[in-house]
Structures are given as structure tokens and as C-alpha cells.
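Colleague: Below are the sequence and a predicted model for it; my questions follow.
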Amino acid sequence: MKLKELKMIDVQFLGLINATLQAATLLFIAALGELIAEKSGVLNLGVEGMISIGAVSGFITAINTENLFLSILVGIVSASLFSSIHAFVTVILKQDQTVSGLILTILGLSLSSLIGKKYVGKKLNTKLEGVFDIENPSNILEIILGQNIIFYIAIILMIVTAFVLKRTMFGRRIEAIGEDLKSADSMGLKIGKTQFIATCVGGAFAGLSGVYLTLSYVPYWTDGMTSGRGWIALALVIFGGWKPYRTAFGALLFGFLEALGPRLQTYGFEMSPYIVKITPYVITIIVLILLTIFKNGDTGAPKNIGIPFFRENR
Amino acid sequence: MKNPILEAKGISKSFGNIKALDDVDFFLKKGIIHGLLGENGAGKSSLMNILSGIYIPEKGTLTINGQLIKRLNPDLASSYGIGMVHQEFRLIDSFSIKDNLTLSKSNIYQNDFNEAFAKYSDIFALNLNSMTPISELSVGEKQKVEIMKLIFNNSSIMLLDEPTAVLTPQETVQLKESLETLSQEDEKTIVLITHKLKEIKDFTETIYVMKNGKMVAKDLDTKAVSDTQLIELMMGEVKTSKFDKNNFKGDTKLEAVDISFTSEQDIKTLQNVSLEIKSGEVLGVAGVSGNGQVELANIICGIIKDFEGRVIVKTKDVTGKGVKSRKKLNLSYIPENRLGVGLAPGVSVLDNSAIKEYFQASFGPHLSKNVLLNSLNDLINKFSIKAPDIKAEISTLSGGNMQKLLMGRELISNPDVIIAAQPTRGLDVSAVDSIHNLIIDQRDKGSAILLISEDLDELFKLSDRLIVMYEGKVITEIETELATVENIGLAMAGINE
Amino acid sequence: MNKFIISKKLYRNELATFYSFLIGFLIAIVIGSIILLIQSKNPFDVFSLMLKLSIGSVNSLSNSLNKAIPLILAGLGIAIINSVKLWNIGAEGQIFFGAIALNFVYINTSIENSYLYILLLLASGFIGGSICIFLPALSKVLFGVNEIITTLLTNYIVFGLTIYLINGVWKDPNSLNFPAAAYVSESVYLPTVVGKLSSGFLICILFTLIAYYIKDKSVFGYEMRIAGGSTLTAVYAGISAKQKSFVAMLIGGGFAGLAGAIELLSQTHRVSTGISQGFGYTAIIVAAITGMRPLGIFLVGSLFGALAIGGSVIQTIGVSSYISDIIQATTLFGALIAQFFFSYEIKRVKDD
């Protein structure tokens, strides 16, 4: 009897870990994309909309072609194209990034609902399977090995992004632009081009995150299914202090909280899952305020984020 | 003699109706340190901005290495080897020295960075690890990295805008040695832009002097030219005062007692400055910018509150009180920074016209637009301001009209005390005349006036008494009648006879 | 190769914002039509039906204007805060918090006179909105914490709180499937004026005038403009930019909170997730598109209200209601693009 109970808890625990990893993967990829865009000085509040576009276009492709690779690709490309609206309006036309990003979210959500209308409730015949074929995982290692390809892509993206930003000329130049537009300009760096590309890369990442949502995380499509994950991704960038590894840690934490919410009662906690749901936001606000106070405003944010640049020629 | 590496001929450039550069010739010889001397607003920066491709001249030709340049922008200029160190550094604070030196597109020490860094660290006596972030550097060290950046970007012509303004005397000596090494060993062509006499004589081999947008002296041999000659060239011919100086002086209206102030960067910006101005008197403050004048004005006007000493306006001690307490005592401040401090950019002409006394147009929470409009119309008529659209942003006005609006706004209440900082900088001759008349009118109406200026002509013309500020101290105080351009000019340059 | 140099125009057409809006709206209608054509619907038919069902009768018009109330009020709040060049992305949360505050006061008090009671409840909504933005405002003026992020995150905290309340302590046992708080008594419903038009619209008109007054006619508005133009000028003029920012944020939050209160007392009659359907975000479009002008916000807010109603009714003929969201969003994108050409000059330079 006792042994059986123990076993139950074990299975529950592994389920929690699995859900944490999946939630974290989704959040992390989108956050990493936003991190890249913000490093170049472009704040894009449209993450939610971009994830949604990626999710719906990937899902539609999967339903129609049953080709998962193609679906992932379509999801990435369409979200990236979609984010180029923001890049065009803010980088080329120098309009307000806050407004443009928000509208991108509204547009993305409504557009994806419109496109996906006929696909609501359809079932996917193929689903992203784990890379290693593991049935009934019995320990954490097996849980990790049981994750699908996008999980591993996320890890690779994390390492590559961190490396590129810190160690390569290309990455340092992106950061230089986000830090100090005038200095970057005096170095002869192409500000507009870099910011445009970085924004679109951010969109592509959000698209991948969206594809993960509809092809693996909850393999169906319904309106508003991103349910605020884009905003958590934005919060995650702040929590992670604009650093890829810290953002990954934050993603695990926030993912854990997301996974924990609906399971609280099974663990015998009387805490409301809704309170758990808002903790990422509360944590982020507290971290942001504390960093601002104690690190003298140095939250890790790129210093020239949100500022349109144009060179004054006379 | 060497052929000039860069030759600018007949360069002209106007902003609005102000001629910033008027038929200017300038040429640089390879491997030599050139000095470009002139007051603020003489046109030095405009000329440098043209050489570095930021401004496009209306007239004139530019030849670099014997090649006629048709078009120039910052990218092209740097590809021709022209690099500039601005007064505000273009360094990324959170990045390492190495990143700042190497991220540039035109960096030439990609692969042998360490050797190059070691070599130039030696030349600049810079004892730092290349991975140190810029934010941990002192101002002097930043300056060195900024100059090194030009070298790493393969600049053969280095334009240095007031490089010594932020340096300690020891650092200045060090910079001189470094620049000499660069010019001799690396054959770098260097232009030192400054208004400090002592340095231009120490650093350079040849001197150019600018005055009012014109090049008044070319290629002077530094060894052969005297301080007095340079001052005369730089200050121009100072005309004798045109205004009547038999003005009646009444009670003391402004007193500053023993004022000291240490800036946030821990620099003693002001040390024991005292002054006293009577009703109907103009006290001129001479001095090169950055010797504590702005801080002094801000302290008197209540903007800076954490200073030592006392400020007394009309016998009332206002030390520790704010801007509004001064306004109540009818003190007016015409700040040096017209757009940005005195006037709010992006805000309409109408709103800007009311900044001094908008509360007089208020009835409880209500602000009467009619009262504002009437006062603005008054201003426009009295001070003949040309404002085509009063609802448009303030920046639609010309510099002269902006200043007239600012002056008018501050003077229309017939203030008891006026602080005017650089009231005519950058204005054309007719605007300067009308501003001068306004100041004298106000003097005759009994205002006590503190006039801060770099323009000796203006100071001699308007002031009854003169003080000279140097490094936060008053080093000379003299009746204008007894002062000569030479002794004031030398005091401004920190040379006390 | 040709190169382009962009510079800011000195003079901007006074009606630039208005023209930009028109251009944006036109672009949005064209894009909307294309989407409809792709779905093999006749755009002309759909749009005329939308028009008819949103403003064609007293009832439909009053529905549209009711829908406009939260958009206008929240938009006005955003505009007031923008006077000091700060953003309020938190209107959505403030709307919810206004409703929560109202319900809290409603549960804990009781006043005989229903008019007085309604006034008290509306006031609690307003104060609720202010409370909701209090922390972002305080951390902004004290420590300089970015208000865009804090107001944005607050939305989700408040939304989570709402769901918590209506599933927990406030849960109405009679509402089984749909979690919501108990209905408020009919005596505190906002009365209607004409047809279905809520008297909340009159409050909306009043507050439009108040916002206009604050921004354009008051000393406070003047001080906000100077502080927003240049902090150095504010210091020079003896105006405390921080104090103005703080007060502006509390007032602006209050406007959105009031919107939540009106929505509760006139539409939902209880706290539920339906208090706002993204009104706080649409309000940002409304405010931005009008260049933060109160009277413009009133007009565009009304138009967007009609669009939303039109969008929801055309579902009956099989057209997605999202078409109206898309039109709203693309209107702003179109307007932003047009704004560029009104505020910048592009010179072409030949590169040799």
C-alpha cells in the first residue's frame, strides 16, 4: 500500500518535471528571440501576436500537409515576416516602438483567429514525438531524453545566442547598437539593417515557440490559446537581465510555476492556482524594482532601447 | 615643405541667416600637430563637422591626398582616414576597452590586437587591462581610449575637439607627449581644437585662428607668435564702449557670499566665490566656458541647492530655497542653454512664452489662454519677435527670435535681478545689438545684472565691473574702465600676471 | 546607388494627425476588403451590413456608444498620462481593478439612496484605477523604474486576481458554469438614457470635457506639458516633473478604473472576466491614433465602438468578428506610416 502511494507521487513528480520542461521551452524560445531584438535596441511588445501567428500557420500546415518539418518552417517564416511589420514601422519609419508592438499583438491575435477559424477543434494526426523513444519514463533523465526536437533546438539556440552575443564580432556589434546608438554609428555600424534583422530573428524565434505550442504542447488550435505567454516571455527577458542563461533559468522557474498551478491540489495545497499563475509577473516586477534601486538603475537593459535613430545631417 | 594632406578652400556654411563659416581656408600637413584657436561660436566646430562629413558645406572645395572630394558623409570621411574625438565621448560604457577599440568596421588591428594595444598603451601611458569596461575608467583614461580608437580605425588625420577640457594638468602633459609621439613615429596629422592659449602654444607647431566664422590667421609658426598676438586675433578688435556708463547705482540687490560647490563627479566646481551687484549695475563675468559660471548661475537662481555659502536677493536670504522663491523676488534667469533649459523643445511658442509667470494667468486651477495670448502679443510687439505660428513648436523660430522671446519673457516684468548667461552666443549682428540694448535698458530701469559671457567685446561694452573666473575661482575683479583686453584675456587663459 | 537622408520637418501640418487617421482608416478598409474577398465575401455587402447594424437604428447606435465608453475613458486616461511623456499600458488591468474596487465597496457598504450609492460606487471604481497604477507610478518617480513594463505586467496580476476572486471568495454559487461574482442589485444599475444607451455615456462626455480641460485649459496641464517637453526646463521653471508625473498617472489610472465601474454597472452587472475584452489595449490605439487629443479620442473611440459592434453582428453571416480588430489595428499601422511622411523629409542623394 505504502509503496504504491510512493510510486504515485513519483509519477506525479515526473509529470510535473515534464510539464515544467515543456512550459519552459515554449517561454524560453520566445523570450530568447525578444532578447535578441531588444539587444539591438528594438522593444517588441508584439511577442504574443507573433507566437500566435507562428502557432496557427504551423498548425494549418501540419493539418494540410502532415509534414512536421515543413510546418515548423512555415511557422517560423510567417511569424518572422509578421514581425517585419514592426521592424518597418519602428526602424525604417522611426515610429513609437511601444505603440507599434502592442498593435502587433492585437493584429497577430485577431489575424490568427481569423486564419485559424476553420481549424478550431481539428485533430492533428501527427505530433512532434520525443527524440528518443521512451515510454513511461521512470526518472528525470528519461524525462529529458523524452522531449521532442524543439526542446533540443532551444538548448542549442541558447548556447549559440549566448556565444554569438558575447564572443563574436557580429554579436558584439548588435549589442553595441542597443547600448549606444551614437557610438555605434561612429563605429560605422549599420544600425537600421541590424535592428531590422534582429527584429525579424526575434519574430522567427517567437514563431518557433508558437509551432511548439500547437504541434506539441497542446496539439490543437483554438482562439487566444497563447493565453498571455508572450507577455510572460517579455517579463522573462527582464527577469533574466538580458542574459541568455539567466533567462533560461527564469524560464524553468516560470515554467515550473505554470506546471505547478493545476497540480497544486493533488499535492494537498489549498493555494489557488490563479495566485500561482500571477507569480511570474509579481516576481518580475519585484526583481525589476530591486535591480533599479540597488544596482543604480542597471537592470541589464540595453541603454538605448526604444529610441528611434536617425543621423542628423545638415 | 611637405605637401598638404588635406586642403579646404573657400568653405562657407550658413545656418538660417547666420554665417557659421565664411570663405574659410584650412590646410593640414602630414605628421604635424596643428592648433585651431577661437572662442566658442567662432566656427571651429562647424569646420570640423564639415571635415568629418557631418555638415555639407554650401561652397568650397575639399582635397584629401591630392584628390578632389565631391561628396562627404561620416562613413566616407572615415574611409579617407579622417577621425574625430568629440567633446562628448563616443564610447560604450558597458563594453570593454577592447570591444570599443575593435568593433568598428574600419578596425585594422583585428588579429594583432594585443601587440597594438600594448604599443599604444605604452605611448598613452595607459596602464589597464583591455577587458576593463569603460565605465570603470576615469575621464582622462576615457579620453585616451577615445584617441586610441581613431588609431585603431586607421585614421591618419585626427581631429581632437577640446581634448584637454576634462584633463588634470598632469594628464595634459602626458597627452602632449603622446600626441608628439604619434605625430613623429606614426606620422599622424593632428588638429587640436581649443580656446586655451597655453595649450595651443605647448602642443602645436602651427596655429590657425578663427573669429566670427572667418579664418583670421593661417599657419602661424607657434614658436614665433606671442600670446598677446594670439589674444588679439582671437578676441578681435575690442571697440570702446558705446554705452553711457554714468548710470546711477542704488542699493545692493544681489549678494552671493563665499559660495563653494562640489559637483557629483567630485570636482570642486566653485571655490569661495563672492559677488555683489547694485541696482542699475552690470557685473560682467568673463571666463572660458566650464570654469564654474553655469554652476554659479544655477546656484543664484535656486536650481542647485546643495552648495556652501549664502545667496541674498534684495536683502532676503534665499539660501536653500528653490526657484519659486527667486521668482517671487522678481529675479530673472536667461540660461546659457536656450533650447533645453530656457525653452522646452517640442512645446509650442505660446506655452514657452509663459514659463516665467504662467501662474499669473491662472485663476485657481484654470489657466486663461486669453491672458497667455495677450502677454505673448505684448512680447511679440515690444521685442519685435517674428513668430509666424504661435501654436507651432518653439524650434520653428530662428535662434535670434528664440532668444528675443526668452529675453522678453524674462525682462517684461521689469525684474530686480537678472542673470544672463551667454545671451548673444550664436546670434547675428542685428540680433546681438537688440539684445544689448535690452540689457542696457533694463540696467537703466534699475535692475542688478549679472552678465556671464565669453565675448570680451560684449563684456567691455555692457559691464560696469568685471570679474574673471578660472577653475571655479574669481581670479580678477576690476572696474571695466581700468581693465584692458590683454589682462582680462590672459586671466581667462589662467595666466595671472 | 541612391541614398536617402531623413530629416525631421520643422513645420508639421496642423491636421497631420487627422489626415493620418483618414489614410490609416482607408488602408484598413482596403485590407479588410481584401481579407473578405479572400473569404469570398462581398466587402461592400459586409461593410454596409456592419454600418447598418452598428449605427442604423437607435438600439444599434446605443450599443455602439455603450461599447465606446470604456475605450474613450481608458483612452483619455492614457492621453493624460502621456502629457508628461509616459505610457500607460496598464489600462486593461485598471479597468478590472476599478470593477473589483467597486464590488468590494458594494459588498461592504449599503446606502439607501440609489443615486448616492451609484456615485459612491463610481468613485470607488475611479479610486480603484488609481490604486492599480499606484505602484508603477511610485516606482517610476522614486526610482525611475520603466513604467511601460510595470503597467503592462500589472494587467496580468490584476487579471489573475480577478479570476481568483470570481472562483473563490466572490464566487456566485448560482453561477455554475461561468465563474463570476454575484450580481449587484438592480437599484444600482446605471439607468439608460435613450434606447439602450447607458447614462454611462453621459459620464463619458463629462469626463471627455474634464480631460480636455485638464490637458488644454488648466495650470496642471500646462505644467505637465512643460515637464513632458524638457525636465531641465521644468527644473528651471520651478515645476516638479516627478510630482506632475505621479499625479498624472493616478488620474489617468482613475479614468480607466471608472471605465471598469461603468462597464460593471451598465453591462455585466457583476465582476467577471467579461468586464473588459481588451478595451484597455484598444484604448491605446485610440489614444495614439488621435495624437492624445481628448476630443479626437471621443470621436475615434465612438467609431471603434461601432466597429466592434458591427464586427460582432456580422458573425451571423459567417464573417469572423475579428475583422473589426484587424481594421482597428491596421488603421493605426496605416496612420503610423502616414505620420512618418508628415513628420519627416526624405532627401535623395546620389552616391558616387
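Modeller: Happy to help now that I have it.

Colleague: chain center to stretch C:322-339, what's the gap?
Modeller: Counting by Cα atoms, centre = their mean, to the nearest Å, stretch C:322-339 is centred 15 Å from the centre of its parent chain.

Colleague: That stretch and chain B in contact?
Modeller: No: taking Cβ under 8 Å from any Cβ of the partner chain as the criterion, stretch C:322-339 and chain B are apart, separated by no less than 15.2 Å. (C-beta placed from N, C-alpha, C; glycine too.)

Colleague: Would you mind confirming that C:Ile72 is in contact with C:Val286?
Modeller: Yes: under the criterion of Cβ atoms under 8 Å, C:Ile72 makes contact with C:Val286 at 7.3 Å.

Colleague: Mutual contacts of these two, please.
Modeller: The contact sets of C:Ile72 and C:Val286 overlap at C:Ile297, C:Gly301 (Cβ atoms under 8 Å, 6 or more residues apart in numbering or on different chains).

Colleague: and stretch C:313-333 with chain A, contact?
Modeller: Yes: looking at stretch C:313-333 against chain A by Cβ under 8 Å from any Cβ, the contacts come from C:Ser320, C:Tyr322, C:Ile323, C:Asp325, C:Ile326, C:Gln328, C:Ala329, C:Thr330, C:Leu332, C:Phe333.

Colleague: CSV please, covering those and showing pLDDT, neighbour count and distance to A:Pro302.
Modeller: What follows is the residues of stretch C:313-333 next to chain A, written out as CSV (pLDDT from 0 to 100; neighbours: other Cβ atoms under 10 Å in any protein chain shown; distance: Cβ to Cβ, whole Å):
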residue, pLDDT, neighbour count, distance to A:Pro302
C:Ser320, 81, 21, 38
C:Tyr322, 87, 22, 34
C:Ile323, 88, 27, 37
C:Asp325, 90, 26, 31
C:Ile326, 93, 22, 32
C:Gln328, 91, 27, 31
C:Ala329, 94, 27, 27
C:Thr330, 94, 25, 29
C:Leu332, 93, 30, 26
C:Phe333, 95, 24, 25
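
Colleague: mind putting the residues you listed in JSON lines, secondary structure included?
Modeller: Below are these laid out as JSON lines (DSSP: H, G, I helix; E, B strand; the rest coil):
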{"residue": "C:Ser320", "secondary structure": "coil"}
{"residue": "C:Tyr322", "secondary structure": "helix"}
{"residue": "C:Ile323", "secondary structure": "helix"}
{"residue": "C:Asp325", "secondary structure": "helix"}
{"residue": "C:Ile326", "secondary structure": "helix"}
{"residue": "C:Gln328", "secondary structure": "helix"}
{"residue": "C:Ala329", "secondary structure": "helix"}
{"residue": "C:Thr330", "secondary structure": "helix"}
{"residue": "C:Leu332", "secondary structure": "helix"}
{"residue": "C:Phe333", "secondary structure": "helix"}
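
Colleague: what does chain A have sitting close to chain B?
Modeller: A:169, A:172-173, A:175-176, A:179-180, A:182-189, A:303, A:311-314.

Colleague: Now restrict these to buried residues only.
Modeller: Listed as buried from the residues of chain A next to chain B are A:172-173, A:175-176, A:179-180, A:182-189; burial here means 16 or more other Cβ atoms under 10 Å in any protein chain shown.

Colleague: Name the helix or strand for B:Lys13, please.
Modeller: Assigned by DSSP states H and E, B:Lys13 belongs to strand B:4-15.

Colleague: Do the next helix or strand after that strand and chain C come into contact?
Modeller: Of the helices and strands lying after strand B:4-15 in sequence (DSSP H and E), the nearest is strand B:18-29. No: against chain C, strand B:18-29 shows no contacts by Cβ under 8 Å from any Cβ, the least distance being 15.9 Å.

Colleague: Mind checking the pLDDT average for strand B:18-29?
Modeller: Strand B:18-29 carries an average pLDDT of 88.

Colleague: Is stretch C:336-350 in proximity to chain A?
Modeller: Yes: contact of stretch C:336-350 with chain A (Cβ under 8 Å from any Cβ) involves C:Leu336, C:Ile337, C:Gln339, C:Phe340, C:Tyr344.

Colleague: Now rank the residues you listed by neighbours and give me the top one.
Modeller: Within these, most neighbours by other Cβ atoms under 10 Å in any protein chain shown means C:Gln339, with 27 neighbours.

Colleague: My guess is that residue contacts C:Phe18. True?
Modeller: No: counting by Cβ under 8 Å, C:Gln339 stays clear of C:Phe18, with 11.2 Å between them.

Colleague: Distance of B:Gly408 relative to C:Leu232?
Modeller: Using Cβ to Cβ, to the nearest Å, B:Gly408 is found at 21 Å from C:Leu232.

Colleague: do C:Leu86 as well
Modeller: For C:Leu86, the distance to C:Leu232 - Cβ to Cβ - is 17 Å.

Colleague: okay, those two: which has more neighbours?
Modeller: C:Leu86 (23 against 16).

Colleague: before we move on, which element is that one in?
Modeller: Using DSSP H and E, no helix or strand contains C:Leu86.

Colleague: For stretch A:300-310, measure first residue to last.
Modeller: 24 Å (Cα to Cα, to the nearest Å).

Colleague: C:Ala211 is in contact with C:Phe220, correct?
Modeller: No: counting by Cβ under 8 Å, C:Phe220 does not reach C:Ala211; the two are 11.8 Å apart.

Colleague: Compare the two (neighbour count), which wins?
Modeller: A count of neighbours by other Cβ under 10 Å puts C:Ala211 above the other of C:Phe220 and C:Ala211, at 27 against 20.

Colleague: State the pLDDT value of the more buried one.
Modeller: Confidence score, pLDDT, at C:Ala211: 98.

Colleague: Following element in sequence after the one helix or strand it maps to, please.
Modeller: Assigned by DSSP H and E, C:Ala211 falls within helix C:200-212. Note on helix C:200-212: by DSSP H and E, the next helix or strand toward the C-terminus is helix C:219-229.

Colleague: Name the residues that touch that next one?
Modeller: Around helix C:219-229, the neighbours that count as contacts under Cβ under 8 Å, 6+ apart are B:344-347, B:351, B:354-355, B:358-359, B:362, B:365-367, C:80, C:82-85, C:213-215, C:233-234, C:237, C:239-241, C:244-245, C:247-248.

Colleague: How about the contacts made by A:Ile153?
Modeller: Counted by Cβ under 8 Å, 6+ apart, A:Ile153 has contacts A:Ile29, A:Leu208.

Colleague: From A:Ile289, how far out is it?
Modeller: 34 Å.

Colleague: Okay, strands next: where are they in the stretch 301-450 of chain B?
Modeller: Taking DSSP state E, counting those that start in this stretch as the criterion, the stretch 301-450 of chain B contains strands spanning B:308-313, B:316-317, B:331-334, B:362-363, B:366-367, B:417-421, B:448-452.

Colleague: Just checking: what are the partner strands of the first one?
Modeller: It refers to strand B:308-313. Looking at strand B:308-313 with DSSP bridges, its partner strands are strand B:252-262 (antiparallel), strand B:316-317 (antiparallel).

Colleague: Among those strands, which comes closest to B:Asn487?
Modeller: strand B:252-262 (23.7 Å; Cβ to Cβ).

Colleague: near chain C, which residues of chain B show up?
Modeller: Residues of chain B lying near chain C by Cβ under 8 Å from any Cβ: B:70-71, B:301-303, B:322-324, B:327, B:333, B:335, B:337, B:340-347, B:351, B:354-356, B:358-359, B:362, B:365-367, B:369, B:389, B:391-393, B:395-396.

Colleague: So which of these belong to helices?
Modeller: Of these, the ones assigned to helices by DSSP state H are B:Val323, B:Lys324, B:Lys327, B:Asp351, B:Lys369.

Colleague: Please list only the buried members of those residues.
Modeller: B:Val323, B:Lys327, B:Asp351.
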